[in-house]
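Asker: following is a predicted model, sequence given first.
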Amino acid sequence: MTTHRATANFAARHCVVAVTMATIGALAFSSAAHAGLGASAAPSFPTIVTVGQTAVAASIQLSNQNSPDDTAAVNTVCNFGDGFPCPAGDPGITLIPSCSALGVFSSCAPAGADPGVFQISPTATGAPGTACGGMTFDVVLIDPTFGQFRFTPQGGAHVTLSGTGAVCRIGFEVAVVKVPTVDQNPIAAGAQTVQIVDNTQVSGALSASARGTSSGITVLANPTIATVASPSVVVGQPITDTATVTGRVNPIPGATVTFRLYGPTDPNCTATPIFTSTVLLAADGIATSAPYLTTGTGAHRWIASYGGDANNSAVAGVCGDSGETVTITKAQPAITTVTAPTVAARTPITDTAAVTGRVNPVPGATISFRLYGVNDPTCTAAPVFTSTVAIASNGTATSGPYTPSFAGTYKWIATYDGDANNAPVAGVCGDAGETATVTKAQPTIATVASPSTAVVGSLIADTAIVTGRIDPVPGAGTVTFNLYSPSDPTCTAPPFASVTVPIDADGRATSSAGATIAAPIVGTYHWVATYNGDANNNAVAGVCNDPNETVEVTPATPAITTVASAGVALNGSVHDTAALASLVNPAAGATVTFHLYGAGDPTCVDTPIFTSTVPVAADGTATSASFAPAASGTYNWIATYNGDVNNTAVSGKCGDQGETVTVSGPPISTPPLPATGANVNTTLTISSLVVAVGLALQRTSKRRRSPGHALGV
């Protein structure tokens, strides 16, 4: 709060009161008064002064008023203590600067004594060109009761007025200390007071006294003004200024205080004020401006001016007074934001912000949207997308669209960038409504096994084509092919074989790119292919028994080659050997059955005369047991592989090359049998070969053949 006291001269606002001089007729202090001797005196003060003024110029003037018939007379002004003809006890040149009631001979009546209104300078100076020019006078207070001052020329000099019309003008300065205690002229504006000057002049043995008074001057009170503005506020809120005026004297109703407010671009308060409010000053000396609704930010400065009245001078604060600056701060808006919570891959996403609480927004304010990627959950890396757009008049803005390249969680942060009247405001990472989840694409998978049927042991493969992928991550996509064996028709057991291969740019993958798989057993195999997905695409899998995903594996058909033993003589032994080719994973215990057809059965239609079933050796060969033919002729072997779970049975055919065996030898002669019960010894000769055969013949009711008979084939 700053207090001010008025110092301005308000003569221009008040009527000037003419100063007149009352000349008292010469009084003869001797019985022989000189004809025409006369003296006059007149004080001269400004018409209007204000309490607090200093160095106010004033003067008194002494005149020789001798009659025209005595123009040659010279008057000497008496000093205090001068002898005859100066009257005894004459005080010399005196001045009462303030009196409210004149006494006899224009002196100040005791009731009008009003000392202390003016302070007189300690010295006075004679005005150049007058009878006392160049003289210096000491000014001394001689009567504190009346506030009477004496002017005495320094160095014992005297003021001499030579001839009629001669004058001495003595100039000095006064300070206006207070308002007169009693108003000398209550009907006039302001507080009135008069000045009284007195001097005695002598000529020869005669003396004459002169007392002069002014018509009165106005002394205005000098109030003080203290001001205090309302506290700083946010733009858009009202502010006021309050002034308290003290020290007024006899205030006249209707006085006003004018409040002027200067904007932040006018720190010296020299431009036109942005707001003016003139209000009546209350009886208690307090006035408050009308409220000003702030429209901008920055330092605003008040100046309050009391306009004064007839008895009190105006007083005003100055620019920058303490307590008169109000800082208008920016409004603090709020921001709310919302984005689509979940979108499909390759769907553009945007963010929308609404800013509330702005005050007097400046056109062109913007909102900056920043989008942080899937690998930045704390929004600390560089944003993957930024968009700055102008805010609409309703405080909303929507970012430009961004099409995500990767599935995952994205986070928006929207920032209102502020303006001259509104502070910026921003959301934070992870604000509610600011997270957008971009879902992975859902591809589809189509598969086809190749071949659909195969012989056991053949290579089989599966091919998958994945469609509908979006922004596949290079090198990240794979397909896993699982092959389930014939014993697992529901694909619930661990797969018989599994291979994972990269998917190519066209979405195609083939199991054989990772490994070759042969079907080891007969039956129905099931493929299930699974695309394993990537950052932007979900995994997708086929199911067991999908169309085109089964492979029917049939038994192999081996080849059989046979070679019989070479021809032999009768009673030699023969055998057959088979060699199997293209066997696939033969089951343990697989066998070859050899049939030998007799010499009388060239087309192998009768019952074979010999059968031998033997296991197949590890090298795919088998050799029959040996057989000793009992008759000569041509014999035919037929070898049959009896098959297994993985291989079909296969046989040679009658008369196959290498399967005919010739048994050579003479015809057989058989002598007559002896009588029943007789023992017969018979000797057979075949091709010079003599075979002794002992036969025991016994005639019984039944004929029996000897166990040693070798011709029972």
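Answerer: Arrived safely, thanks for sending. Numbers count the residues shown, from 1 in each chain.

Asker: and the residue nearest to the spatial centre of the chain, bridged to which residues?
Answerer: Closest to where the C-alpha atoms of the chain average out (CA atoms, centre = their mean) is residue 426, at 3.8 Å. Residue 426 has these beta-bridge partners by DSSP bridges: residue 415.

Asker: do the same with residue 464
Answerer: Beta-bridge partners recorded for residue 464 (DSSP bridges): residue 447, residue 509.

Asker: ok now do it, which residues does it touch?
Answerer: Neighbouring residues of residue 464 by CB atoms under 8 Å, 6 or more residues apart in numbering: 445, 446, 447, 479, 481, 503, 508, 509, 510, 529, 531, 542. C-beta: built from backbone N, CA, C; applies to glycine.

Asker: pull out the buried members of those residues.
Answerer: Among the contacts of residue 464, those classed as buried by 16 or more other CB atoms under 10 Å are 445, 447, 479, 481, 503, 509, 510, 529, 531, 542.

Asker: would you agree the fifth one is in contact with residue 474?
Answerer: No - no contact is recorded between residue 503 and residue 474 when judged using CB atoms under 8 Å, the distance being 10.7 Å.

Asker: tell me the secondary structure of the residue nearest to residue 388 when sequence neighbours are not counted, please.
Answerer: Excluding the flanking residues, the one nearest residue 388 by CB to CB, 6 or more residues apart in numbering is residue 368, at 4.6 Å. With DSSP: H, G, I helix; E, B strand; the rest coil as the basis, residue 368 sits in strand.

Asker: list the beta-bridge partners for residue 368.
Answerer: Assessed by DSSP bridges, residue 368 has beta-bridge partners residue 388, residue 415.

Asker: use 599 as the first number from now on
Answerer: Happy to do that; since the first residue is 599 now, the last one works out to residue 966.

Asker: state the distance from it to residue 984.
Answerer: Counting by CB to CB, to the nearest Å, the gap from residue 966 to residue 984 is 7 Å.

Asker: quick one: which of these two has more around it?
Answerer: Taking other CB atoms under 10 Å, residue 966 and residue 984 do not tie; residue 966 has more neighbours (19 against 13).

Asker: quick check, that one in contact with residue 1012.
Answerer: Yes - applying CB under 8 Å as the test, residue 966 and residue 1012 come out as touching, 7.3 Å apart.

Asker: please, where are all the strands along the stretch 1099-1248 of the chain?
Answerer: 1106-1108, 1115-1116, 1121-1129, 1138-1139, 1148-1152, 1157-1162, 1166-1167, 1174-1179, 1189-1195, 1208-1213, 1219-1221, 1231-1239, 1248-1249 (DSSP state E, counting those that start in this stretch).

Asker: please state the offset of the first one from the chain centre?
Answerer: A distance of 47 Å separates the centroid of the chain from that of strand 1106-1108, by CA atoms, centre = their mean, to the nearest Å.

Asker: same check, this time on the third one
Answerer: When C-alpha coordinates are averaged (CA atoms, centre = their mean), strand 1121-1129 and its chain have centres 53 Å apart.

Asker: same thing with the fourth one?
Answerer: A distance of 41 Å separates the centroid of the chain from that of strand 1138-1139, by CA atoms, centre = their mean.

Asker: strand partners (parallel or antiparallel) of it?
Answerer: In the sheet, strand 1138-1139 lines up with strand 1121-1129 (antiparallel) (DSSP bridges).

Asker: so for the partner strand, what gets flagged as buried?
Answerer: Those would be 1121, 1123, 1124, 1125, 1126, 1127, 1128, 1129, for strand 1121-1129 by 16+ other CB under 10 Å.

Asker: kindly report the same for stretch 981-995.
Answerer: Buried residues in stretch 981-995 (16+ other CB under 10 Å): 981, 982, 983, 985, 989, 993, 995.

Asker: now the third one: how far from residue 716?
Answerer: Translated: residue 983. Per CB to CB, residue 983 is found 83 Å from residue 716.

Asker: which residues does residue 734 bridge with?
Answerer: residue 723.

Asker: quick check: it vs residue 702, distance?
Answerer: For residue 734, the distance to residue 702 equals 33 Å [CB to CB].

Asker: between these two, which one's more packed in?
Answerer: Comparing residue 734 with residue 702 by other CB under 10 Å, the one with more neighbours is residue 734, at 15 against 7.

Asker: surely the more buried one and residue 722 touch.
Answerer: Yes - counting by CB under 8 Å, residue 734 does reach residue 722; the two are 7.4 Å apart.

Asker: any weak-confidence spans in the protein?
Answerer: Filtered on pLDDT under 70, the chain yields the residue ranges 599-634, 666-670, 1264-1311.

Asker: and residue 1223, what does it touch?
Answerer: Residue 1223 makes contact with 1173, 1192, 1210, 1212, according to CB under 8 Å, 6+ apart.

Asker: nope, residue 984 is what I meant
Answerer: By CB under 8 Å, 6+ apart, the contact list for residue 984 reads 966, 967, 968, 969.

Asker: please identify which helix or strand holds the last one.
Answerer: Under DSSP states H and E, the secondary-structure element containing residue 969 is strand 964-970.

Asker: what's that strand packed up against?
Answerer: Strand 964-970 is packed against strand 949-954, strand 983-988, strand 1006-1014, with contacts defined by 3 or more CB pairs under 8 Å, 6 or more residues apart in numbering; DSSP states H and E.

Asker: got the angle for the longest one vs strand 964-970?
Answerer: An angle of 160 degrees separates the directions of strand 1006-1014 and strand 964-970 when computed by axes from the mean of the first three to the mean of the last three CA atoms, to 10 degrees.

Asker: try the second one
Answerer: Strand 983-988 runs at 170 degrees relative to strand 964-970, counting by the same axes, to 10 degrees.

Asker: CA atoms of strand 983-988 as PDB?
Answerer: C-alpha atoms of strand 983-988 as PDB (Å, rounded to 0.1, in the frame of the first residue of the first chain):
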ATOM      1  CA  PHE A 983       3.300 -40.900 -34.800                       C
ATOM      2  CA  THR A 984       2.600 -37.300 -34.000                       C
ATOM      3  CA  SER A 985      -0.200 -35.100 -35.100                       C
ATOM      4  CA  THR A 986      -0.700 -31.400 -34.300                       C
ATOM      5  CA  VAL A 987      -4.100 -30.000 -35.100                       C
ATOM      6  CA  ALA A 988      -5.900 -26.700 -34.400                       C
END
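
Asker: may I have the strands that pair with the helix or strand harbouring residue 1034, each with its orientation?
Answerer: For residue 1034, the host element (DSSP H and E) is strand 1033-1036. The pairing partners recorded for strand 1033-1036 under DSSP bridges are strand 940-941 (parallel), strand 1006-1014 (antiparallel).
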